[in-house]
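Trainee: need coordinates for the below:
(one chain, ligands or ions: 2)
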Amino acid sequence: MSDKNVTALIKNLESYCSEHGLRYTPPRYQVLQVIAGSAKPVGAYDIIEDMDKITDKPKPTTVYRAIDFLQQHGFIHKIESMNAFVVCHAGHSHDGSQFIVCDDCGKVEEVHLCHLPADLEHKVNETGFTMMYWNTEIHGRCDACRA
Ligand SMILES: [Zn+2]
Ligand SMILES: [Zn+2]
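Mentor: Ligands and ions are numbered 1, 2, ... in the order given. Below you'll find the predicted structure:
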């Protein structure tokens, strides 16, 4: 993500927080800044390391809490198979995403088949289960790596 887009994203977080009466704290925007600044998904450990460059020795628990917050409000998504995080490319008003992961370089594309969440939930309910959360990741090879 370009610096300009990162700045826009941080601004977006700031207005989201003020609209929803949430605290806009340094760890929250710094964690978002670190994840947005990375071309690839970043794990919690790397986030803590990168935070070190922005601020003085962040506490891991503070960073984990900020990650939880950003995930809960849809600013970032967890790529379960990589145990790493990416920024949401669709704002924060969508249910469920699908992720296409390049197994060679780790690039992730977020896609939205908008009918999927409802379809899935319907199927899950038919089995007598209640859906708590779901995650779809498709593994493949990106354009650049295939070339
Ligand atoms: Zn998203
Ligand atoms: Zn690739």
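Trainee: please count neighbours and contacts with C-alpha atoms only from this point.
Mentor: Will do.
Trainee: just the strands in the chain please.
Mentor: 76-79, 84-87, 98-102, 108-111, 136-140 (DSSP state E).
Trainee: run through who's touching the last one.
Mentor: Among residues not part of strand 136-140, those counted as contacts by C-alpha atoms under 8 Å, 6 or more residues apart in numbering are 79, 81, 97-103.
Trainee: which two of these have the greatest separation?
Mentor: S97 and D103 (18.6 Å; C-alpha to C-alpha).
Trainee: so which bits of the helix ranked longest in the chain are buried?
Mentor: Ordering each helix of the chain by length in residues (DSSP state H) puts helix 3-19 first. For helix 3-19, a neighbour-count test (16 or more other C-alpha atoms under 10 Å) marks 6, 9-10, 13-14, 16 as buried.
Trainee: packing partners of that helix?
Mentor: Under the contact criterion of 3 or more C-alpha pairs under 8 Å, 6 or more residues apart in numbering; DSSP states H and E, helix 3-19 touches helix 26-36.
Trainee: name the helices or strands packed onto the helix it packs on?
Mentor: Looks like helix 26-36 contacts helix 3-19, helix 44-54, helix 60-72, strand 84-87 (3+ C-alpha pairs under 8 Å, 6+ apart).
Trainee: switch those over to CSV; also include mean pLDDT and distance to ligand 2.
Mentor: As requested, those are exported to CSV (pLDDT from 0 to 100; distance: least, C-alpha to the ion, whole Å):
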stretch, mean pLDDT, distance to ligand 2
helix 3-19, 93, 22
helix 44-54, 90, 20
helix 60-72, 95, 25
strand 84-87, 95, 15
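Trainee: measure how buried the residue nearest to P60 when sequence neighbours are not counted is and give me the count.
Mentor: Using C-alpha to C-alpha, 6 or more residues apart in numbering and skipping the chain neighbours, the partner closest in space to P60 is I48 (6.6 Å). Number of residues near I48 (other C-alpha atoms under 10 Å) recorded here: 20.
Trainee: swap in V111?
Mentor: Neighbour number of V111 under other C-alpha under 10 Å is 13.
Trainee: okay, now the domains of the chain?
Mentor: 3-87, 98-146 (automatic domain parsing).
Trainee: ok, the shortest one near ligand 1 or not?
Mentor: No: using C-alpha under 5 Å from the ion, domain 98-146 stays clear of ligand 1, coming no nearer than 6.7 Å.
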